[in-house]
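Q: dropping a prediction and its sequence here:
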Amino acid sequence: MSLPRIAPASLHTPGFAHYSLAWSPFHNTRLALASSANFGLVGNGRLHLVSVHPGPNGSHAITLDKYYETQDGLYDIAWSEIHENQLVTASGDGSIRLWDVMLNDYPIRAWQEHTREVFSVDWSNIKKDTFASSSWDGLIKLWLPERPHSVLTMQAHQSCVYQALFSPHQPDMLASCSTDGTVKIFDLRTQSYAPTGGVAPNAGFNTPLTAAALTIPASTTEVLTIDWNKYRPFVLASAGVDKLAKVWDCRMIKVGEVGQVGGQCETQFLGHEYAVRKVQWSPHRPDVLATASYDMTCRVWTTDPAVGRGQLSYIHDSHTEFVVGCGWSIYEEGTLASCSWDGRLNIFWP
């Protein structure tokens with residue numbers, strides 16, 4: 001006999017559409033939310049800090065601990081890997097801010113180098129003193145929290161870079177995705193990425209567009225999201241406007257006219273009705289992937305490379321607007337959170 005499913009927990013923050021969520025790498029009950037007024041089109045933003053509390057009979061409650069107001073909408077968030085109370089946010093005004101949750105008012109540091117919206121930030125879990133940002137200006141920048149300027153700037157794509165993520169296996173490997181339909185992988189050990197001292201806003205800006213170690217032609221439309229598999233070092237997932245999530249084996253490489261091109265698609269996930277806005281691999285299993293979509297659902301899939309197609313195992317359809325973020329709990333296996341333009345954070349157990 002199967003056990004009854006635990007009822008989802010939910011928190012509503014009226015007036016603010018959620019864009020991204022992140023579980024703390026230090027506290028198993030703490031999350032942060034990057035949010036924007038007016039669906040992120042115009043107006044201010046908020047950084048929400050919330051806690052999850054177990055209750056009787058397997059129930060859970062979510063409480064809002066505090067929030068910070070920002071002058072522009074927030075699109076992404078990443079916890080520090082070296083300081084349990086610090087995190088960075090990506091803003092629509094091109095700024096990046098470092099916050100300390102023990103302080104009540106203002107960020108402890110701010111950077112303003114990107115010329116367009118900053119759409120993603122990612123903190124390396126190997127080089128724990130480094131984080132990356134990507135922007136609609138086509139650039140990826142690397143940062144050290146104590147430095148006043150970025151330590152490296154890369155012209156990764158000719159158009160918007162939706163996401164840039166460090167590999168959880170290789171400290172100098174970075175992947176990105178863009179409106180140009182490609183996923184690119186960069187090896188930061190190559191000479192062209194050698195930092196030039198980090199003393200100017202565009203330090204290290206000497207990287208041509210063709211310097212990617214691998215370019216994957218992932219879609220004929222925009223690729224909105226990527227994630228590295230936590231157990232298979234050269235495998236990542238991508239998804240976007242074509243409504244498909246795909247799993248790529250990045251070891252399949254051939255030499256093309258503009259560098260190395262390749263990547264073998266070993267699995268596809270068919271089922272979302274609109275664009276897929278977020279993919280995230282489980283930190284506990286190599287074959288489980290979560291996706292969030294504009295079709296107002298968050299879905300969980302299991303991969304089977306032998307048949308070349310993912311198997312749908314769960315649909316969470318409680319949201320009433322675009323679901324743009326999802327994230328697995330690092331500490332509690334099988335716990336998944338989703339956030340949406342409906343101003344709700346949901347936590348559930350698929």
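A: Structure received.
Q: sketch out the low-pLDDT regions of the stretch 251-350 of the chain for me.
A: For the stretch 251-350 of the chain, the stretches with pLDDT under 70 are 253-259, 305-309.
Q: what is the burial count for the nearest residue to Glu332 once chain neighbours are set aside?
A: Excluding its sequence neighbours, the residue lying closest to Glu332 (C-beta to C-beta, 6 or more residues apart in numbering) is Asn28, at 6.3 Å. Just so you know, the C-beta spots here come from the backbone N, C-alpha and C atoms, and that holds for glycine as well. For Asn28, the tally of surrounding residues (other C-beta atoms under 10 Å) stands at 13.
Q: for Asn28, give me the pLDDT.
A: At Asn28, the model reports a pLDDT of 94.
Q: wait, what's in contact with it?
A: Ser329, Ile330, Tyr331, Glu332 (C-beta atoms under 8 Å, 6 or more residues apart in numbering).
Q: now the strand or helix carrying Gln268 - C-alpha only, CSV.
A: According to DSSP states H and E, Gln268 maps onto strand 259-269. Coordinates of the C-alpha atoms in strand 259-269 are reproduced here as CSV (Å, rounded to 0.1, in the frame of the first residue of the first chain):
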residue,chain,number,x,y,z
GLY,A,259,35.5,26.0,-33.0
GLN,A,260,34.3,22.7,-31.5
VAL,A,261,30.7,21.9,-32.0
GLY,A,262,28.8,18.9,-30.7
GLY,A,263,26.9,17.5,-27.8
GLN,A,264,24.7,14.4,-28.2
CYS,A,265,21.0,14.7,-27.1
GLU,A,266,20.4,11.5,-25.2
THR,A,267,17.0,12.3,-23.8
GLN,A,268,14.1,14.6,-24.5
PHE,A,269,11.2,15.6,-22.2
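Q: next, give phi and psi for the residue nearest to Glu332.
A: Asn28 adopts backbone torsions of phi -80, psi -10, taken as degrees, to the nearest 10.
Q: before we move on, what about the one 3 residues further on?
A: For Leu31, the backbone dihedrals (degrees, to the nearest 10) come out as phi -130, psi 160.
Q: and if you look at Ile315?
A: Per-residue torsions, Ile315: phi -130, psi 120 (degrees, to the nearest 10).
Q: list the beta-bridge partners for it.
A: Under DSSP bridges, the beta-bridge partners of Ile315 are Arg299.
Q: before we move on, what about Gly45?
A: Ser36, Thr70.
Q: low-confidence regions, the chain specifically.
A: 1-5, 191-210, 253-259, 305-309.
Q: about what we covered before: what distance do you get for the residue nearest to Glu332 to Glu84?
A: Using C-beta to C-beta, to the nearest Å, Asn28 is found at 12 Å from Glu84.
Q: strand partners of whatever helix or strand Cys339 lives in, parallel vs antiparallel please.
A: Per DSSP H and E: Cys339 is located in strand 336-340. Here strand 336-340 has these sheet partners by DSSP bridges: strand 323-328 (antiparallel), strand 344-348 (antiparallel).
Q: any idea which of the ones you listed is most buried?
A: Compared across the strands paired with strand 336-340, strand 323-328 shows the largest average neighbour count, a mean of 25 (mean count of other C-beta atoms under 10 Å).
Q: just the C-alpha atoms of it, please, in CSV.
A: Provided in CSV are the C-alpha atoms of strand 323-328 (Å, rounded to 0.1, in the frame of the first residue of the first chain):
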residue,chain,number,x,y,z
VAL,A,323,6.0,29.1,-13.0
VAL,A,324,9.5,30.5,-13.6
GLY,A,325,11.6,28.9,-10.8
CYS,A,326,12.1,25.6,-9.1
GLY,A,327,14.7,24.1,-6.8
TRP,A,328,15.4,20.9,-4.9
